[in-house]
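Peer 1: Give the three-dimensional model of this entry:
(one chain, ligands or ions: 1)
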Amino acid sequence: MTRKFYITTPIYYVNARPHIGHAYTTIACDTIARRQRLLGADTFFLTGTDEHGQKIERAAQAADKTPQQYADEISAEFRNLWKRMGISNDDFIRTTEERHIKRVQELFRRIRDNGYIYKGTYTGQYCVSDELYVDGAQPGDPCPTCGRITETVHEENYFFKLSAFQDKLLELYANPDFIRPETRRNEVISFVRSGLRDLSISRSTFSWGIPVPDDPKHVIYVWLDALANYLTAIGYGASHAGAQAAFKKYWPADVHMIGKEIVRFHCVYWPAFLLAAGLPLPKAIVAHGWLLFEESKMSKSRGNIVRTETILDVLGADALRYFLLREVVFGQDGSFSFDALVQRYNSDLANGLGNLASRTLTMINRYFKGEVPYPSPSASKLPGDEAIAETARKTIREFGVLFDQFHFSRALETAWGSWRRSTNTSSRTSHGRSAKNKTTQAGRGWPPCSTPQRRLYALRPRWRIRSCPMQRPKSGSRWDSATSRSLLSPISHGGSCRWAPNSATSTRFSRAPTRARSKGCNRWRISKEVRQWKNRKSRRHRPPALLPP
Ligand SMILES: [Zn+2]
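Peer 2: From the prediction side, this is the model:
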């Protein structure tokens, strides 16, 4: 039977437009989902939007819209962005959908029937921004999570017997794979050890939510509503057989990916709800850190929120994907800056991978009529072939181990390191030239060098001494050497290269290239390369005749 793999992002709250932090979580999940599909797993990748709650009701009011209109607009922005970024989610759930509403009510009934829900009165502080009851706070106290002033609520509510699950949860945390990374696990353990109080799971002071079954004066607490999406999207509580079969196949989730600010909801409340409903628990909850902007937290008031769209306009989705996974140590806070993005792009993608790809494609086009030829079976191996093959095998193994432990940055470092080593090896054996000589004589086929893989490695990626402004290929244009050149060329900070400062984006964005230019980093590096190349040329090498200008 095919192995299944079910991964989720948190569903994003529609109180604000998507920014790069949302993209970061989604990219990480997408990368994992794609890898699992390649490994042959029957993969289900879920994302969506969380659309209920007092905060949405108020935001809609302020914008002079109905909550549904408001949610529709923002939810569409998320969907469009994921589409544009090529995110491979299998479903997108919205908590205002009929399927979700019915199934959440079913979950509520089940927990109530199992004896874990009772009616009581809640008097205390509530943070509307986090949709969180703040235990022990006095009127006027700030929320410990976000710092906003809490509101006093006094209402008759339904309560969930969270206190009944303290020991069971602690038992669950004994499994080191359940909460990752370790630091988050320790935080959760100490929170639960300090004692759990029953949790209010309904509100009656506003109406934008899912009505409690048989008591529509109350709406279900937004976190119970939202967390349940992981079940409802794959068919929990559905009446038709197809959805039931899907639920049976995919639940429990293999990975819930979350940001560190929602660890408590996912690692304490969520497993407790599932235990109360008698449902299996997810296998792992993985929390990443925050993405900061130049070391400080992104926020509307600071005006430093980075929008993904502008980066997509200039660099494309793959560059952003690579940058975020390579630059940020997953699980820790990471800092985003445009300088770092440009630098990574130039060094790793344009000069590293880009050169290798460009040269390889050019040679295949020029000497092999655009097709990768098979090596002759009689071709003898050259010294060093086996070492390169072994390096490749070792890299693949190491990459897999690191990736599966969510060490994306180190996994990518390993892959790039191996390319660097391989290209160094091939530089020493000077195969670029021998390819030209032998193939022009023989007309076709690889020179007596063992494998195409070997040949790809053996290509000598010299620095392209070229600083052309970024050009975007026309959509649908072929991948040929011209396209690859324009796609993979280093970004020049001067000239006509501009970060398209479109009106909707952060004002800081447009300043980044100016700073980079003033440092002259790119120009310095290029002139250094020119020097190196000239020195080499004068000593023993011919100019790179094989290579594109
Ligand atoms: Zn708060």
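Peer 1: how about the helices of the stretch 101-250 of the chain, start to end?
Peer 2: 166-173, 182-193, 222-227, 229-232, 241-250 (DSSP state H, counting those that start in this stretch).
Peer 1: got TSV for these, with mean pLDDT and mean neighbour count too?
Peer 2: To be clear about C-beta, it is placed using only N, CA and C from the backbone, and glycine gets the same treatment. Listed next are the helices of the stretch 101-250 of the chain as TSV, based on pLDDT from 0 to 100; neighbours: other C-beta atoms under 10 Å:
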stretch	mean pLDDT	mean neighbour count
helix 166-173	97	15
helix 182-193	96	16
helix 222-227	96	25
helix 229-232	98	25
helix 241-250	96	15
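Peer 1: Out of those, the one nearest the ion is which?
Peer 2: The ion lies closest, by C-beta to the ion, to one member of those: helix 222-227, at 12.9 Å.
Peer 1: list the helices and strands the closest one packs on?
Peer 2: Judged by 3 or more C-beta pairs under 8 Å, 6 or more residues apart in numbering; DSSP states H and E, helix 222-227 is in contact with strand 42-50, helix 98-113, helix 270-277.
Peer 1: Reformat those as JSON lines; add mean neighbour count and distance to Arg410.
Peer 2: What follows is the helices and strands packed on helix 222-227, written out as JSON lines (neighbours: other C-beta atoms under 10 Å; distance: least, C-beta to C-beta, whole Å):
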{"stretch": "strand 42-50", "mean neighbour count": "23", "distance to Arg410": "23"}
{"stretch": "helix 98-113", "mean neighbour count": "19", "distance to Arg410": "38"}
{"stretch": "helix 270-277", "mean neighbour count": "22", "distance to Arg410": "29"}
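Peer 1: Find the closest residue to the ion in the stretch 351-500 of the chain.
Peer 2: Phe406 (27.7 Å).
Peer 1: Within the helices and strands, which one has the residue nearest to that residue when sequence neighbours are not counted?
Peer 2: Closest residue to Phe406 apart from its sequence neighbours, by C-beta to C-beta, 6 or more residues apart in numbering: Phe330 at 5.1 Å. Using DSSP states H and E, Phe330 sits in no helix or strand.
Peer 1: and Phe330, what does it touch?
Peer 2: 28, 288-289, 406-409 (C-beta atoms under 8 Å, 6 or more residues apart in numbering).
Peer 1: and what of Arg148?
Peer 2: Here Arg148 is in contact with 127-129, 142 (criterion: C-beta under 8 Å, 6+ apart).
Peer 1: what's the answer for Gln332, then?
Peer 2: Per C-beta under 8 Å, 6+ apart, neighbours of Gln332: Gly289.
Peer 1: List phi and psi for it.
Peer 2: phi -100, psi 160 (degrees, to the nearest 10).
Peer 1: So it versus Tyr116, what's the distance?
Peer 2: 36 Å (C-beta to C-beta, to the nearest Å).
Peer 1: my read: Ser202 touches Val153, true?
Peer 2: No - counting by C-beta atoms under 8 Å, Ser202 does not reach Val153; the two are 11.7 Å apart.
Peer 1: Looking at the two, which has the bigger crowd around it?
Peer 2: Shown here are Ser202 and Val153; by other C-beta atoms under 10 Å, Ser202 has more neighbours (25 against 17).
Peer 1: So what pairs up with the more buried one in the strands?
Peer 2: Ile220 (DSSP bridges).
Peer 1: show me the residues around it that make contact.
Peer 2: 157-158, 212, 218-221.
Peer 1: Where does pLDDT dip in this structure?
Peer 2: Scanning the chain for pLDDT under 70 picks out 373-380, 422-549.
Peer 1: Show me which residues of it are close to the ion?
Peer 2: Contact residues, the chain versus the ion (C-beta under 5 Å from the ion): 127, 129-130, 143, 145-146.
Peer 1: From the residues you listed, list just the buried residues.
Peer 2: 127, 129-130, 143 (16 or more other C-beta atoms under 10 Å).
Peer 1: what's the closest non-adjacent residue to the one residue in the stretch 151-300 of the chain that gets nearest to the ion?
Peer 2: For the stretch 151-300 of the chain and the ion, the shortest gap (C-beta to the ion) falls at Glu261, measuring 9.8 Å. Excluding the flanking residues, the one nearest Glu261 by C-beta to C-beta, 6+ apart is Thr145, at 7.0 Å.
Peer 1: returning to that earlier point: just the ones of the contacts of Arg148 in strands?
Peer 2: Cys127 (DSSP state E).
Peer 1: shouldn't the residue of the stretch 351-500 of the chain closest to the ion be in contact with Ala284?
Peer 2: No - between Phe406 and Ala284 there is no contact under C-beta under 8 Å: 9.4 Å.
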